[in-house]
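>>> got a predicted model here, sequence first, then my questions.
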Amino acid sequence: MAKHKMHDADPDDFDRYGPPAHHRHSTSYAPTESFAAPAQYSNDYYDDYSDEYYADYQSDYRSDYDGGYRGDYQQEYYAAPASEMPTGAFASTTAAPASTMAIERDYGVLATDDPFYEVDDDLAEPEFDEPAPNRGTMDFGLLLLRLCFGGYLAIASLTTFFRLGGSGGMNGLEVAFSAYPYAGALSVVVPTLQLTAGVFLLLGLITPVAAAVGIVVTSFMGLHAIAASGQGLHFFAWDQSVWLSLLLFGIALALQFTGPGLYGIDAGRTWARRPMESSWIWAAAGLAIGAVLWWFGASTNPFTATG
């Protein structure tokens with residue numbers, strides 16, 4: 001085919017062939033002004049080459065476009081939600097289904113699951129393990145706290161059970177609880193709770209549960225010490241036994257929030273390194289059970305002054 005040099009466009013040619021097929025439905029590509037043929041070219045000039053050139057050009061262009069570009073891209077459709085439908089100048093003139101619509105790649109509406117636009121995992125930022133914080137001597141301090149508190153509870157219970165060190169044993173404890181309606185049951189329950197909490201705290205095993213048991217027994221014994229003193233809320237008149245009971249209660253509550261540390265059987269547990277919401281749950285449970293034990297076991301107001 002003889003190649004002819006292109007000159008200024010003839011508006012008749014544009015009207016005859018129009019824009020490419022993939023732009024015909026869009027009003028944004030329509031010509032906004034008319035073109036006038038140059039005066040220096042006559043109609044004979046256009047008649048000489050336009051029919052031959054544009055017939056060949058149109059045939060080659062259509063065959064290349066339909067077989068290549070259009071065949072590769074126009075047949076690829078992307079299901080897009082109705083909310084992502086093009087509007088305005090890009091709105092389609094044909095009706096589309098309510099759920100999805102075929103959108104050509106040319107119009108820039110791409111489905112979010114297009115594999116071409118997925119981020120390669122190899123290009124993602126690498127993840128680094130957070131280095132373990134330097135805990136210093138905190139774990140050793142928690143070990144000492146557990147040994148002192150758990151040891152005291154274990155020794156107190158063994159003294160009661162086996163009447164060691166001149167202790168009155170369970171009978172003596174029952175006499176101390178004689179003002180309560182369930183003195184006999186309390187004389188067994190209290191040392192049992194002390195032994196359970198003491199042993200598990202010494203070992204650093206299931207510390208949240210052990211600390212909750214410690215809260216139950218120390219809160220009961222603290223209220224018992226206040227009631228036995230007869231001073232009510234006059235805390236300046238409390239003797240050392242009352243303050244000791246309250247101190248033990250504070251230690252049990254603190255261990256619930258600090259955890260056992262890394263020197264114990266629970267070293268691999270999350271509550272040994274960083275106690276979270278479970279500490280509040282177990283602390284609330286221990287306080288609630290202690291209040292119930294006092295309410296039904298003692299049935300008295302410990303803050304009433306009798307002395």
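Nice, thanks for sending it over. Values in this document were obtained by computation on a predicted structure and should not be read as measured data.
>>> CA atoms for contacts and neighbours, from now on please.
OK.
>>> residue 141: what secondary structure?
helix (DSSP: H, G, I helix; E, B strand; the rest coil).
>>> tell me the spacing between it and residue 260.
The gap separating residue 141 from residue 260 is 10 Å, by C-alpha to C-alpha, to the nearest Å.
>>> looking at these two, which is more packed in?
residue 260 (34 against 14; other C-alpha atoms under 10 Å).
>>> A strand includes that one, no?
No: counting by three-state DSSP, residue 260 is not part of a strand but coil.
>>> what's around the closest residue to it other than its chain neighbours, how many residues?
Distance criterion C-alpha to C-alpha, 6 or more residues apart in numbering; nearest residue to residue 260, sequence neighbours excluded, is residue 272 at 5.4 Å. Using other C-alpha under 10 Å, residue 272 has 24 neighbouring residues.
>>> ok, residue 272 touching residue 259?
Yes: using C-alpha atoms under 8 Å, residue 272 is in contact with residue 259, at 5.0 Å.
>>> residue 218 - how many residues pack around it?
Neighbours of residue 218 under the rule other C-alpha under 10 Å: 28.
>>> that one is in what secondary structure piece?
Assigned by DSSP states H and E, residue 218 belongs to helix 207-229.
>>> flag every buried residue along stretch 149-163.
Going by neighbour count (16 or more other C-alpha atoms under 10 Å), the buried part of stretch 149-163 is 149-151, 153-161.
>>> residue 149: what's it in contact with?
Neighbour list for residue 149: 198, 201, 248, 251-252 [criterion: C-alpha atoms under 8 Å, 6 or more residues apart in numbering].
>>> repeat for residue 298
179-182.
>>> are any of those buried, and which?
Applying 16+ other C-alpha under 10 Å to those, the neighbour count classes residue 180 as buried.
>>> export the contacts of residue 298 as CSV, with columns for pLDDT, distance to residue 232 and secondary structure.
Shown next, in CSV, are the contacts of residue 298 (pLDDT from 0 to 100; distance: C-alpha to C-alpha, whole Å; DSSP: H, G, I helix; E, B strand; the rest coil):
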residue, pLDDT, distance to residue 232, secondary structure
179, 92, 16, coil
180, 95, 17, coil
181, 94, 20, coil
182, 94, 22, coil
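>>> which strands or helices does the helix or strand where residue 199 lies pack on?
Per DSSP H and E: residue 199 is located in helix 183-203. Using 3 or more C-alpha pairs under 8 Å, 6 or more residues apart in numbering; DSSP states H and E, the elements in contact with helix 183-203 are helix 138-162, helix 169-176, helix 207-229.
>>> and these: which comes nearest residue 286?
helix 207-229 (4.6 Å; C-alpha to C-alpha).
>>> most packed of the helices and strands packed on helix 183-203?
The highest mean neighbour count among the helices and strands packed on helix 183-203, using mean count of other C-alpha atoms under 10 Å, belongs to helix 207-229: a mean of 25.
>>> next, the angle from that helix to helix 183-203.
Counting by axes from the mean of the first three to the mean of the last three C-alpha atoms, to 10 degrees, helix 207-229 lies at 140 degrees to helix 183-203.
>>> quick one: helix 207-229 to helix 138-162, angle?
Using the same axes, to 10 degrees: helix 207-229 against helix 138-162 is 50 degrees.
>>> now helix 207-229 - C-alpha only, CSV.
C-alpha atoms of helix 207-229 as CSV (Å, rounded to 0.1, in the frame of the first residue of the first chain):
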residue,chain,number,x,y,z
THR,A,207,-0.5,-17.6,90.5
PRO,A,208,-3.7,-15.7,89.5
VAL,A,209,-5.8,-18.4,91.2
ALA,A,210,-3.5,-18.8,94.2
ALA,A,211,-3.4,-15.0,94.7
ALA,A,212,-7.2,-14.9,94.5
VAL,A,213,-7.4,-17.6,97.2
GLY,A,214,-5.0,-15.5,99.2
ILE,A,215,-7.3,-12.5,98.8
VAL,A,216,-10.2,-14.5,100.1
VAL,A,217,-8.5,-15.8,103.3
THR,A,218,-6.6,-12.6,104.1
SER,A,219,-9.7,-10.5,103.7
PHE,A,220,-11.7,-12.7,106.0
MET,A,221,-8.9,-12.7,108.6
GLY,A,222,-8.6,-8.9,108.3
LEU,A,223,-12.3,-8.4,109.0
HIS,A,224,-12.0,-10.9,111.9
ALA,A,225,-9.1,-9.0,113.4
ILE,A,226,-11.1,-5.7,113.2
ALA,A,227,-14.2,-7.3,114.7
ALA,A,228,-12.1,-8.9,117.5
SER,A,229,-10.4,-5.6,118.4
